[in-house]
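1. With the sequence up front, the predicted model follows.
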Amino acid sequence: MTTRPRLTPAIADVRRAVRSSLADLPQNSRVLVALSGGPDSLALAAGAAFEAGRAGIRAGAVVVDHGLQEGSADVAAHAAAQALSLGLDPVLVKTVIVGTDGGPEAAARAARYAALAEAAAETGAARILLGHTLDDQAETVLLGLARGSGLGSLKGMAAASGPYLRPLLGLRRDTTERFCLDSGLTPWTDPQNSDDRFTRVRVRSTVLPLLERELGPGFAEALARTAALAREDTEALDAFAEEQLEELAEHAEAGISLPVKALAANPPALRQRIIRATVQAEFGVSLSQTHTLEVSRLVTDWRGQDALHLPGIKVIRQGSLLIFSLAGHDPAARTPTPQE
């Protein structure tokens, strides 16, 4: 009878990735693995079960049942049983109701992350481990390119973002599949992963393989490097925009103002970031690129335009100032100063 090797390259790669991701956590902290039962999250769960104890960290799991497929409760129960058999504790199963806002994929994602945050709060987990791989990163970058949505989308997913860690972001999906095979684990195959009604599925099954075939192996890795470079540039520009915002912003009645001259002196990429950061910080509103450009035109293409009425806010240029206020408030009601 053939016996499986105790340690194979795939098992070593996954364990090493998890070990590196957990390295900065204090001993006796708790982490939860977001487990769907698929090969990526199952490999991550097994890797975490092996590495966490050796690092003095307590590892559990949370399984989210979206209730979107027949038998989803059985799939969730099976995944939970696998987590327990690996030695993860506690193991939670969260059943969610998926809404309709933003389309089915976005709604499922929102419900899932809400459930993960709830599980972390219940267990006191410091971090939640997600099973995204390099393939997922490459798909995310391609989708960002297709939308034409700039560096914000091209930067892809971060290896660490708030409470979330993605230990496997540098590994290919075939490594996690091999890990499960070498470990004697049977992952669940999500039928939605082969449903080409979903854009991401078409990218995964058709577009990315075609590009790798036509442009040569290593294309997915090149997209992942692009994401890393885009993230560095984005974070640097965002940090500079925040610094500029602190220097330029002045509180006005029911809002905030920015000097037009200073905004005009900045290159477009920085000016638009300052505008978005201002609105986000003051009103908690995320401006779209289209709305950001409309505001920017009040700086660069001023012809006496009326106020802009955007979701939740109003923007008007008064002399040397760009004034942002809550929707319904009229900053133009005040008496202009002589220099205006």
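-> Perfect, thanks for sending it.
2. buried ones in the lengthiest helix in the chain?
-> Identified as the longest helix of the chain according to DSSP state H is helix 219-248. Residues of helix 219-248 classed as buried by neighbour count (16 or more other Cβ atoms under 10 Å): 219-220, 223-224, 226-227, 230-231, 234, 237-238, 241, 244-245, 248. Using the backbone N, CA and C atoms, a C-beta is placed for each residue, glycine as well.
3. Check these and tell me the two furthest apart.
-> Greatest spatial distance in these: 219 and 248, 42.1 Å, computed using Cβ to Cβ.
4. mind exporting stretch 200-212 as PDB, just the C-alpha atoms?
-> What follows is stretch 200-212, C-alpha atoms only, in PDB (Å, rounded to 0.1, in the frame of the first residue of the first chain):
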ATOM      1  CA  ARG A 200     -15.400  36.200 -12.200                       C
ATOM      2  CA  VAL A 201     -16.100  32.600 -13.200                       C
ATOM      3  CA  ARG A 202     -15.600  33.500 -16.900                       C
ATOM      4  CA  VAL A 203     -12.300  35.300 -16.000                       C
ATOM      5  CA  ARG A 204     -11.200  32.200 -14.000                       C
ATOM      6  CA  SER A 205     -12.100  29.500 -16.500                       C
ATOM      7  CA  THR A 206     -11.600  31.300 -19.900                       C
ATOM      8  CA  VAL A 207      -9.900  34.700 -19.800                       C
ATOM      9  CA  LEU A 208      -7.000  34.000 -17.500                       C
ATOM     10  CA  PRO A 209      -6.100  30.600 -19.000                       C
ATOM     11  CA  LEU A 210      -6.300  32.100 -22.500                       C
ATOM     12  CA  LEU A 211      -3.900  35.000 -21.500                       C
ATOM     13  CA  GLU A 212      -1.500  32.600 -19.900                       C
END
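5. and it, what's its mean pLDDT?
-> Computed over stretch 200-212, the mean pLDDT rounds to 90.
6. What of stretch 118-133?
-> 97.
7. what does that stretch contact?
-> With Cβ atoms under 8 Å, 6 or more residues apart in numbering as the test, stretch 118-133 has contacts from 18, 21, 25, 29-36, 38, 40-41, 43-44, 48, 60, 62, 90, 92, 94, 116, 157, 163-169, 171-173, 175-176.
8. Likewise for stretch 195-212?
-> Against stretch 195-212 from outside (Cβ under 8 Å, 6+ apart): 105, 135, 138-139, 142-143, 192-194, 218-220.
9. Which one (most neighbours) among those residues?
-> Comparing the contacts of stretch 195-212 by number of neighbours (other Cβ atoms under 10 Å), residue 138 comes first, having 26 neighbours.
10. Going by residue numbers, what spans are strands in the stretch 51-200 of the chain?
-> For the stretch 51-200 of the chain, applying DSSP state E, counting those that start in this stretch gives strands covering 58-65, 91-95, 127-129, 160-161, 164-165.
11. so how far is the first one off the chain centroid?
-> For strand 58-65, the distance between its averaged C-alpha position and the chain's averaged C-alpha position is 19 Å (Cα atoms, centre = their mean, to the nearest Å).
12. packing partners for that strand?
-> Using 3 or more Cβ pairs under 8 Å, 6 or more residues apart in numbering; DSSP states H and E as the contact definition, the elements that strand 58-65 packs against are strand 30-34, helix 39-54, helix 72-85, strand 91-95, helix 104-123.
13. Neighbouring strands - and their directions - for it?
-> strand 30-34 (parallel), strand 91-95 (parallel) (DSSP bridges).
14. Any idea which of those strands gets closest to residue 280?
-> With Cβ to Cβ as the criterion, residue 280 lies closest to strand 30-34 of these, at 27.0 Å.
15. which residues are contacting the closest one?
-> For strand 30-34, contacts defined as Cβ under 8 Å, 6+ apart pick out 22, 25, 41, 44-45, 48, 52, 57-62, 64, 83, 88, 92, 112, 116, 119-120, 123-131, 165.
16. now with 6 Å?
-> Applying Cβ atoms under 6 Å, 6 or more residues apart in numbering, the external contacts of strand 30-34 come out as 44-45, 48, 58-62, 116, 119, 124-125, 127-130.
17. Quick one: buried ones out of the residues you listed?
-> Buried residues within the contacts of strand 30-34, counting neighbours by 16+ other Cβ under 10 Å: 44-45, 48, 58-62, 116, 119, 125, 127-130.
18. And the residues you listed, which two are furthest apart?
-> Maximum pairwise distance among those (Cβ to Cβ): 18.0 Å, between 58 and 130.
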